[in-house]
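Trainee: Got a predicted model here, sequence first, then my questions.
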Amino acid sequence: MKNTLAGVAAAALLVSPVASACGGFFCTQVPVDQVGEQILFAVDGNNVTAHIQVAYQGDAESFSWVLPLPSVPTLGVGTDLLFTALRGVTDPRFYLNWEYVEGCSGGNTCMDEDGGFQDGGDSADDGGEPSPVVVLVEGEVGPYDYKVVKSDSGDALFAWLNENGYDQPEASKPLVGHYVNQEFVFLALKLLKDKSVGDLQPVVVSYTSDEFACVPLKLTSIAAADDMPVTTWVLADSRAIPMNYFHVTLNAKAYPWLECASGYWWGGDTTKCATAYTDMVSQAADQANGHAFVTEYAGTSSKMAEQLWSEGRYNLDALKSKTDPMAFLQEMLNQGFPRTSSTQDLIRKWIPKPASLPEDCDEDPEFYTWNMESCLQYMPDDYVFDATGFAADLDAKIVKPSEEAQRLFEQHPYLTRVYTQISPDEMTKDPIFSFNPDLGDVSNEHTATATPVCKPGETEATSVKLTYPDGSTETQAVTWQGCQPPIVEGGTDGDGALGEIQILAESGAPVAVDPKDVAAAEAQIELRTPTPGQSDRPANPGADGDDGSGTFTPPTGTDGADGADGADGADGADGTVGSDGATSSGSGGDSGCTTGPRGSLASLFAAMFGLGLLLTRRKRA
């Protein structure tokens, strides 16, 4: 059976910037891109442009991809560097600032002079004959052959997709019927016959839609794995908020700072450190019925300045003049072309490695980097390096798409990143986002202070006092082990991963919700929909800059103090009459993205193929 992207589950990774010490595009440790698809949405009035990263494992003949859309789209191709760069500047990072205490050593041979550590729906069948499927548009774009089709019958369209090689699982049949009933069109993609999986590029679709930004998690449940990561980036004039999902903060004490914090994850148990933070998010969201996001970054979009493209960065004429493959690759390095899998695929295309090679040339790092000068002698006699063609390919697949993506961050002043982990049985409603200009910024960099504590008369610390980013403190007993992170004895005294469950409205501060009141509060927020034009309101946070809506806050007590009972809709929590101006809508009944007769679920249906989303709204002129 052919493989369809609908069956590929996302597995988001928090990754460090790619190491470049090897001096080439192919190192011993190949750069790793995030598994699964990621999406960027740019919204300008009712014009929507979606950048969709396509990740696929399998043979080219088996590749197919289907996307429902509210109107006939125009197509283009983008660059996966966008998502790599976004992760690079907004991934959560944890640092530990060691205080120097005279006469009290941390017991670690790696202490520096300052006392700090060195960095170590039903089918639309009316019972009669199925209506025909009409091909509205077809053509080629980038490596893809595409068709845009439409039908009055869900059964007919489902059958057409499978008969034409766009295999769809039986479970998707009622969903196809749902979108047919909504009068949506379907974009169907395959690779061109002369293209390989290595030619895959992000797809850019532009279309019109009058609906709100919404992530279709209900559809994702068909092929999703447990605790599937959902990352959403939002560009606008102010901070993005979930409307029908809760917002949660985390308990800083639940993170293993002494073992894992130092800028990136490191230490004795690398598996533990790599998942410690995401496990916290999953646990916190579970206490909010699995329907909650944490804010990982909120602030200026200038954080992405020149990350993708800048004037004069790339000189294609200089590349065209390099008729020797080694000189061409060195010039690419000099110009700073990204060391990504997409770049590697282009290098393999224009400098194809022969099938038969000696042992010191048969691996990519050897052939393309360490031993390239010797290895090139094994190229076929009829091989001619085409510098002009290679430069043109780099322009089409990296340079121009990078420039277009960079412009998004110049056009929108504020960037928000929210994150959750959610399982299929929790995907009962589709999250909708709006904006609150009153909320403060949130840094993705978190620093705790560590102070060594010695017993009287001793010079080696037996415990460490930690002061967390939210201001809370805790002392932990430790055992030192040379240059490795200390062993923490007995764990923490925190109350689990959850800091606070909150309702964020389109204005004002967060409203805390006691865990025992989650069901009642959720019934209220499910009715809320965004206020038109809300994305145009510029950020205007309070003077103190700390409103308790960041990544970390101390755990909430169980007595409901400080507005913990949010079920009564105070401060806008009640979506029908709240001070944020949001009103109830018929969309609350089915917990989907539908906000009118047709709805907008398909405008983000692509997210079912892996959810790393960037929703953008441009201020109207």
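Mentor: All right, it came through fine. Numbers count the residues shown, from 1 in each chain.

Trainee: ok but Gly177 is inside a strand, no?
Mentor: No: going by DSSP: H, G, I helix; E, B strand; the rest coil, the assignment for Gly177 is helix, not a strand.

Trainee: Kindly tell me how buried the residue nearest to it when sequence neighbours are not counted is, as a neighbour count.
Mentor: In this structure, Gly177 finds its nearest non-sequential neighbour in Gly154, 2.7 Å apart by Cβ to Cβ, 6 or more residues apart in numbering. C-beta: built from backbone N, CA, C; applies to glycine. As a burial measure, Gly154 scores 24 neighbours (other Cβ atoms under 10 Å).

Trainee: what about Gly154, distance to Leu376?
Mentor: For Gly154, the distance to Leu376 equals 56 Å [Cβ to Cβ, to the nearest Å].

Trainee: Ala240 now?
Mentor: 50 Å.

Trainee: These two: which is more packed in?
Mentor: Ranked by neighbour count (other Cβ under 10 Å), Ala240 and Leu376 place Ala240 first, with 30 against 18.

Trainee: Name the residues linked to that one by a beta bridge.
Mentor: Phe435 (DSSP bridges).

Trainee: what's near enough to touch it?
Mentor: Thr232, Val234, Ala298, Thr416, Val418, Phe433, Ser434, Phe435, Leu615 (Cβ atoms under 8 Å, 6 or more residues apart in numbering).

Trainee: Thr416 too?
Mentor: Trp233, Val234, Leu235, Ala236, Arg239, Ala240, Thr295, Tyr297, Ala298.

Trainee: for stretch 300-312, which positions count as buried?
Mentor: Ser301, Lys303, Met304, Gln307, Leu308, Trp309 (16 or more other Cβ atoms under 10 Å).

Trainee: Just name the closest of the residues you listed to Glu99, please.
Mentor: Of all the buried residues of stretch 300-312, Lys303 has the smallest distance to Glu99: 28.9 Å, by Cβ to Cβ.

Trainee: what about the residue lying closest to that closest one once chain neighbours are set aside, which SS state?
Mentor: The shortest distance from Lys303 to any residue other than its chain neighbours is 5.0 Å, reached at Val89 (Cβ to Cβ, 6+ apart). Secondary structure, three-state DSSP: Val89 is helix.

Trainee: isn't Val89 right next to Gln307, touching?
Mentor: Yes: counting by Cβ atoms under 8 Å, Val89 touches Gln307, with 6.4 Å between them.

Trainee: Return the list of helices and strands in contact with the longest helix out of those in the chain.
Mentor: Determined from DSSP state H, the single longest helix within the chain is helix 270-286. Counting contacts by 3 or more Cβ pairs under 8 Å, 6 or more residues apart in numbering; DSSP states H and E, helix 270-286 packs against strand 246-250, helix 257-260, strand 292-300, strand 414-422, strand 498-503.

Trainee: any chance of those in a markdown table, plus distance to Ser443 and mean pLDDT?
Mentor: Shown next, in a markdown table, are these (distance: least, Cβ to Cβ, whole Å; pLDDT from 0 to 100):
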| stretch | distance to Ser443 | mean pLDDT |
| --- | --- | --- |
| strand 246-250 | 14 | 97 |
| helix 257-260 | 16 | 86 |
| strand 292-300 | 7 | 96 |
| strand 414-422 | 11 | 91 |
| strand 498-503 | 16 | 96 |
